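> What would the 3D arrangement of this be:
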Amino acid sequence: MPLSLFMYHGFVKTVPQELDDCASIDGCGQVRTFFQVIFPLLKPVTVSVIVLNAMWMWNDFLLPLLVLTGAKKSMTLQLAAYNFFGQYKIEWHYAMAGVLLTVTPAIIFYLVLQKQIIKGMVAGAVKG
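As a prediction, the model looks like this:
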């Protein structure tokens with residue numbers, strides 16, 4: 001949540017105040033101004049926040065490890081891949097297959113939304 005807030009703050013600071021003024025002169029209320037003028041400008045940063053939070057949740061390891069103790073049917077992919085690493089023996093062929101299954105959705109998700117992610121990451125960084 002703090003990273004999302006920081007990204008939105010940096011991006012919203014770059015939106016000119018004149019857009020709000022022009023919308024109010026044209027007769028838009030505050031809600032309509034936000035949804036029809038400001039929010040479409042926030043698309044790149046919104047996509048970036050969605051992607052980062054989705055990846056954070058997808059790759060979460062500690063919470064499922066603590067909550068899903070011992071239940072083989074309800075394991076996440078990350079926990080299942082972790083089970084192939086034992087104290088005395090590591091089953092590399094199973095572990096690498098599990099890692100590949102774990103990483104594939106994240107790579108596909110990034111490739112589909114790559115353009116918006118880059119726009120959202122760079123948009124708040126420009127000073128001017």
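> so how many other residues sit close to residue 62?
8 (other Cβ atoms under 10 Å). C-beta: built from backbone N, CA, C; applies to glycine.
> Ok, residue 28 next?
Neighbouring residues of residue 28 were enumerated by other Cβ under 10 Å; the total is 16.
> And what about it, helix, strand or coil?
Using DSSP: H, G, I helix; E, B strand; the rest coil, the three-state assignment for residue 28 comes out as coil.
> hang on, isn't it packed against residue 35?
No: checked against Cβ atoms under 8 Å, the pair residue 28 and residue 35 is beyond contact range at 9.5 Å.
> which other helices and strands contact the biggest helix by length in the chain?
Using DSSP state H to define each element, the chain has its longest helix at helix 92-112. The contact analysis (3 or more Cβ pairs under 8 Å, 6 or more residues apart in numbering; DSSP states H and E) places helix 92-112 against helix 43-58, helix 77-82.
> now it and helix 43-58, what's the angle there?
Comparing the axes of helix 92-112 and helix 43-58 via axes from the mean of the first three to the mean of the last three Cα atoms, to 10 degrees yields an angle of 160 degrees.
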